[in-house]
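> sequence first, predicted coordinates after that:
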Amino acid sequence: MSKPDSVDLSAFSVPGSGRGILDVFSYGYLLRLLVRKGILTRYHGSVLGWAWSYVKPTAQFFIYYVVMGVFLNLSRGIEAFPIYLFSGIVVVNLFNEAFGNATKSIVNNKALVKKIYLPRELFPIADVFIAFVHFLPQLSILVVVCLIFGWVPTFVQLAGALLAIFIVLLIATGLGLLFGSINVSYRDSQNLVELILMFATWTSPVLYSFTMVRDKLPTWAFDLYMLNPLTSAVELFHSAFWFPTTSEAAERPEHLWFFAGISVVVALVVLLIGQFVFRKLEGRFAQDL
């Protein structure tokens, strides 16, 4: 009979330990299940159902267009302003929903967190995926409208749109991990997130042109403005969807791809910080919930 210390335990892992985000890929079925559940229950019991994914962004667009474009005349000098406006709105909406939902994901799934072990990162990442699915109807509206106005994008412009989506999902995941873990112990962090989401629309060139910021700020301050990952993502979307529907005489930000590359680096750093804080705090999740 073998002694206990001679038993091979290499196939086992310590309960509750894991590799963070990397473990999410090992739980692909559970991730798909969480995403599917979130999608199906989003409009459960609603009369319009998925139609709300089209109605809400369209209503938001009309409000911004009337107030900012007509009353405040910010559309002056911006050709095809409706497309310019909506292409920025869909990017910010993706960020707001992904980041906002990921922040509340651990608290919203406290029953599972308290009962069984699974990578806790599954919950914020699943909410980011759900936000992306709800982003697709808005994107489809944008594409249809652009096609009506003679949209013929280049490969580089389409690649820029994909990069913009990647940047937004990456930064939303990092911030969602960071604030989602803090929100378990300090629920007022949710209020801070709401402030960030409120400023997101105004700190990116969605309702106005980047030239207004460039002309008012010194060069170093404008460069900081462009280093905002959300700003780069919005301008990449403008280049992909709005610019091809114009006479292509409008100004575009200089070195946009450089700023987009820096935005990817910033988003990766935020993701690493979010994962680090998440791993440090997740041991208290069950207790604090």
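Nice, thanks for sending it over. What you see is a predicted model, and the numbers here were worked out from it, not measured in a lab.

> can you pull out the helices in the stretch 151-289 of the chain?
155-185, 189-200, 210-216, 219-226, 229-237, 256-281, 285-288 (DSSP state H, counting those that start in this stretch).

> quick one, the first one and helix 229-237 angle?
Helix 155-185 and helix 229-237 are oriented at 150 degrees to each other (axes from the mean of the first three to the mean of the last three Cα atoms, to 10 degrees).

> give the rounded mean pLDDT of helix 155-185.
The average pLDDT within helix 155-185 is 94.

> so which elements touch that helix?
Counting contacts by 3 or more Cβ pairs under 8 Å, 6 or more residues apart in numbering; DSSP states H and E, helix 155-185 is packed against helix 81-108, helix 122-148, helix 189-200, helix 229-237, helix 256-281, helix 285-288. Placement of C-beta: from N, CA and C, glycine included.

> check the offset of that helix from the chain's centre.
Centroid separation for helix 155-185 versus its chain: 4 Å, with Cα atoms, centre = their mean, to the nearest Å.

> could you shift the numbering so residue one becomes 43, and keep it that way?
Sure, I'll start counting at 43 from here, so that last one is helix 197-227.

> please identify the deepest-packed of the helices of the stretch 193-331 of the chain.
Ranked by mean neighbour count, those are led by helix 271-279 with a mean of 27 (mean count of other Cβ atoms under 10 Å).

> what packs against that helix?
Partner elements for helix 271-279 (3+ Cβ pairs under 8 Å, 6+ apart): helix 123-150, helix 197-227, helix 298-323.

> isn't residue 122 right up against residue 192?
No. Judged on Cβ atoms under 8 Å, residue 122 makes no contact with residue 192 at a distance of 10.2 Å.

> more neighbours: which of those two?
Under the criterion of other Cβ atoms under 10 Å, the comparison of residue 122 against residue 192 puts residue 122 first, with 20 against 9.

> may I see the helices and strands packed on helix 271-279 arranged in TSV, with distance to residue 272 as well?
Rendered in TSV, the data for these read as follows (distance: least, Cβ to Cβ, whole Å):
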stretch	distance to residue 272
helix 123-150	6
helix 197-227	7
helix 298-323	8
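
> residue 96 is nearest to which of these?
helix 123-150 (11.7 Å; Cβ to Cβ).

> average pLDDT for the closest one?
Rounded mean pLDDT across helix 123-150 is 92.

> and the very next helix or strand once past it, what's buried?
Next in sequence after helix 123-150, counting helices and strands by DSSP states H and E, comes helix 152-157. Residues of helix 152-157 classed as buried by neighbour count (16 or more other Cβ atoms under 10 Å): 154-155.

> which residues are contacting helix 152-157?
148, 160, 162, 165, 327-328, 331 (Cβ atoms under 8 Å, 6 or more residues apart in numbering).

> give me the nearest residue to residue 304, chain neighbours excluded.
residue 269 (5.8 Å; Cβ to Cβ, 6 or more residues apart in numbering).

> quick one: residue 108 from residue 322, how far?
47 Å (Cβ to Cβ, to the nearest Å).

> hmm, back to that, common neighbours of residue 122 and residue 192, please.
residue 287.

> closest to residue 74 out of the helices and strands packed on helix 197-227?
So among those, helix 164-190 is nearest, using Cβ to Cβ, at 8.9 Å.

> now for the closest one, which elements pack on it?
By 3+ Cβ pairs under 8 Å, 6+ apart, helix 164-190 packs against helix 63-66, helix 70-84, helix 94-106, helix 123-150, helix 197-227.

> export those helices to JSON lines and tack on distance to residue 293?
Putting these into JSON lines (distance: least, Cβ to Cβ, whole Å) gives the following:
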{"stretch": "helix 63-66", "distance to residue 293": "39"}
{"stretch": "helix 70-84", "distance to residue 293": "39"}
{"stretch": "helix 94-106", "distance to residue 293": "22"}
{"stretch": "helix 123-150", "distance to residue 293": "12"}
{"stretch": "helix 197-227", "distance to residue 293": "16"}
